[in-house]
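1. 3D model of this:
(one chain, ligands or ions: 2)
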Amino acid sequence: MTAPAPDFYDPAAFMEALVAAGLVIPTPVQGGWGRGPVFEDLLQRFDAHVMREAADDGATELTFPPIIARTMIESLGYLDNFPQLVGSIHSFFGKEAQARELSQRVHDGQRWEDLLDITESMLLPAACYPVYPVFSGLLPEGGRLVTVKNWCYRHEPSAEPTRLQSFRMREFIRVGRPDEVEAWRDAWLHRGLALLRGLGLPVESDVANDPFFGRAGKMMAVSQREQRLKFEIVVPVIAADRPTAICSFNWHQEHFSGKFGIRAAGGETAHTACLGFGLERVTLALLKHHGLDPAAWPADVRQALWP
Ligand SMILES: Nc1ncnc2c1ncn2[C@@H]1O[C@H](COP(=O)(O)OP(=O)(O)OP(=O)(O)O)[C@@H](O)[C@H]1O
Ligand SMILES: [Zn+2]
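-> Ligands and ions are numbered 1, 2, ... in the order given. Next up is the predicted model:
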């Protein structure tokens, strides 16, 4: 093996190389870059690989748009925990006169956003959120397993290639008796590590916490860690000493099932857990570790992704 180049973990140099190779297409939005055909092909191939590995689990695939009801965001407590990340959809509800004013202000280079009003929707921050209400009521024996893939929005603009404002997640969502759900989470933690190591990524898992807002948020983060409710699989992508989370496991216990009245087959309140692969981050990790030309990737990695 050759030693990595000195700039191996320079995020700006990595981004520049991705752009020069046509893998990534710059746009004026930080963390809003476009994907070239090779990048997108790799991302879809990784997703297909995950779906093949999970095929025997029999997850039901559901598809939702990348928007979510404002009332859902309110009831999920997202505004209490992550107000810094939200994306809210606004539109124009005015009449002719206001439309003329809007147009005039745009042409005059003045601010115009106060002429908009909120709509009933917000941008989806996590692919699993629309799924929980689907489970409302009494679950069948053995609970349920659903998978979704979706675009997620988080307002965390950054020039760093692995921190996007709009990105995709492949998630699996398990709901059932507390012991079933915990066992599923534990099993997938091992499966996830094996799957990613099988693609030549030097991944590790660790207890983690969500980026809860503010001072009260610090305490929530500590408690989440103490209860070991969140795990991440991490791999160095833009820094050797600060590995990037490419897959996260969240055990919500009764958080969602209490809100949406989800009961296990025996009648007790169910538990839920989800796991999500960050698809752009996995793709970036593969490019970082195997090089920017997928034709030259190790044979076993190619075999897994080009079966
Ligand atoms: N801003 C982002 N850009 C790209 N991928 C992301 C981003 N935020 C999260 N992800 C991916 O989605 C997965 C699931 O999201 P989750 O909410 O658990 O992330 P997170 O723990 O908040 O991530 P981080 O701690 O890095 O902000 C993460 O493991 C990661 O791979
Ligand atoms: Zn989730």
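2. and the residue in the stretch 1-150 of the chain that ligand 1 sits nearest to, how many residues sit next to it?
-> Among the residues of the stretch 1-150 of the chain, A126 lies closest to ligand 1, at 5.8 Å counting by C-beta to the nearest ligand atom. For every residue, glycine as well, the C-beta is placed using N, CA and C. When neighbours are counted by other C-beta atoms under 10 Å, A126 registers 23.
3. for the residue lying closest to it once chain neighbours are set aside, give the beta-bridge partners.
-> Leaving aside its sequence neighbours, A126 sits nearest to C152 (C-beta to C-beta, 6 or more residues apart in numbering; 5.9 Å). Counting by DSSP bridges, C152 is bridged to F167.
4. output the lowest mean pLDDT helix or strand found in this structure.
-> Using mean pLDDT, DSSP states H and E, helix 214-226 stands out as the lowest-scoring helix or strand of the chain, at a mean of 92.
5. quick one: list the elements packing against it.
-> Applying 3 or more C-beta pairs under 8 Å, 6 or more residues apart in numbering; DSSP states H and E, we find helix 214-226 packed against no helix or strand.
6. residue nearest the centroid of the chain?
-> M169 (4.0 Å; C-alpha atoms, centre = their mean).
7. let me know the pLDDT of it.
-> Per-residue pLDDT puts M169 at 98.
8. report the contact partners of the residue of the stretch 51-200 of the chain found nearest ligand 2.
-> Nearest to ligand 2 in the stretch 51-200 of the chain, going by C-beta to the ion, is C128, at a distance of 3.2 Å. Contacts here follow C-beta atoms under 8 Å, 6 or more residues apart in numbering; on that basis C128 touches 148, 171, 173, 274, 276.
9. at 10 Å what do you get?
-> 64, 146-148, 150, 152, 169, 171-173, 250, 252, 256, 272-276 (C-beta atoms under 10 Å, 6 or more residues apart in numbering).
10. what of A183?
-> A183 touches 174, 176-177, counting by C-beta under 10 Å, 6+ apart.
11. if you rank those by neighbours, which is first?
-> Counting neighbours by other C-beta under 10 Å, G176 leads those with 26 neighbours.
12. hang on, isn't that one packed against W184?
-> Yes - using C-beta atoms under 10 Å, G176 is in contact with W184, at 7.8 Å.
13. shared neighbours, the two?
-> Shared contacts of G176 and W184, counting by C-beta under 10 Å, 6+ apart, come down to 143, 145, 271, 273.
14. narrow the residues you listed to just the buried residues.
-> 143, 145, 271, 273 (16 or more other C-beta atoms under 10 Å).
15. so the second one sits in a strand?
-> The one in question is L145. Yes - using DSSP: H, G, I helix; E, B strand; the rest coil, the assignment for L145 is a strand.
16. what bridges to it?
-> With DSSP bridges as the rule, L145 is bridged to R174.
17. would you confirm that it contacts I173?
-> Yes - using C-beta under 10 Å, L145 is in contact with I173, at 7.2 Å.
18. mutual contacts of these two, please.
-> With C-beta under 10 Å, 6+ apart as the test, L145 and I173 both reach 59-60.
19. tell me the residues of this protein that contact ligand 1?
-> Proximity of the chain to ligand 1 is confined to 126, 154, 156, 163-164, 167, 169, 208, 210-211, 232, 245-248, 276, 278, 280-281 under the rule C-beta under 6 Å from any ligand atom.
20. where exactly do the helices run in the stretch 1-150 of the chain?
-> For the stretch 1-150 of the chain, the helices defined by DSSP state H, counting those that start in this stretch cover 11-20, 37-53, 70-75, 78-81, 96-107.
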